[in-house]
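*Asks:* Structure of the sequence below:
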Amino acid sequence: VRDRYWLSLRTPSGLVNSLAVVHFEGGSESVGLDDTQLNVNTSDMFFTHVEGQKLQIDGRPIFHVRNNIQLGTKHFIAGQYTISLGKREGVFEFAHPVYLKDKSLGIITELSRGNYSFEANAGEFTDRFEIVYKPEGFLGTNSAEKEELKIYREGQNFVVKSKIEMITELELYDIAGRLIQKAKPNNATFIIDAASLINGTY
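*Replies:* Residues are numbered from 1 along each chain as shown. The predicted structure is shown next:
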């Protein structure tokens, strides 16, 4: 079984461009026979980029949480674009999430839970997005790491609580990547008023 998934980019006009990332034994970080290059130079494109090549199918070594994949986009017009996660197989189907990092805005989105919409100008961009499997600053998978920071509902509020250090800065984003709230608590506990939030994913 190969560990693989498909990503798609929807343009403002509704066109969809897709790519696949495949982790398997014998895969390589370099461009090789297991990769499929994007041969068509169209007005809108979505690709991984390796060694200066645009790939539509990117064959990679065996999956590891420290892997990251550089993504590139080409936009015909300025507007709102959406990146989404499609079919998942192997470890990505149930065991491990896929995160998208928007390096321009400093936003990390778990694509396994929802799409990421963003504004972009016309042109080609190869340094804005990357796929990561264990984002820096996110909770780990063992119980000791999880207990360091807790986020839970308490009545009409959400509580963010740290057990080991002060929370110096906190940012709350909605599923579209919009900044909803920013705070500098300088405290081990911070309360978010859920009554002021529209129902959704944050």
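*Asks:* can you list contacts of stretch 92-111?
*Replies:* With contacts defined as CB atoms under 8 Å, 6 or more residues apart in numbering, stretch 92-111 is touched by 3-5, 7, 63, 65, 68, 71, 83-85, 88, 112-113, 116, 118, 127-133, 135, 138, 173, 175, 177. (C-beta placed from N, C-alpha, C; glycine too.)
*Asks:* Work out which residue lies at the spatial centre of the chain.
*Replies:* Within the chain, the residue whose C-alpha comes closest to the C-alpha centroid is Leu100; the distance, by CA atoms, centre = their mean, is 1.3 Å.
*Asks:* Tell me what that residue is bridged to.
*Replies:* Beta-bridge partners of Leu100, counted by DSSP bridges, are Thr109, Ile131.
*Asks:* Tell me how far it lies from Gln53.
*Replies:* Taking CB to CB, to the nearest Å as the measure, Leu100 falls 21 Å from Gln53.
*Asks:* you'd agree Trp6 is up against Lys87?
*Replies:* Yes. Counting by CB atoms under 8 Å, Lys87 is a contact partner of Trp6 at 5.1 Å.
*Asks:* Compare neighbour counts for the two and give me the winner.
*Replies:* Trp6 (17 against 11; other CB atoms under 10 Å).
*Asks:* Thanks again, I'm all set now.
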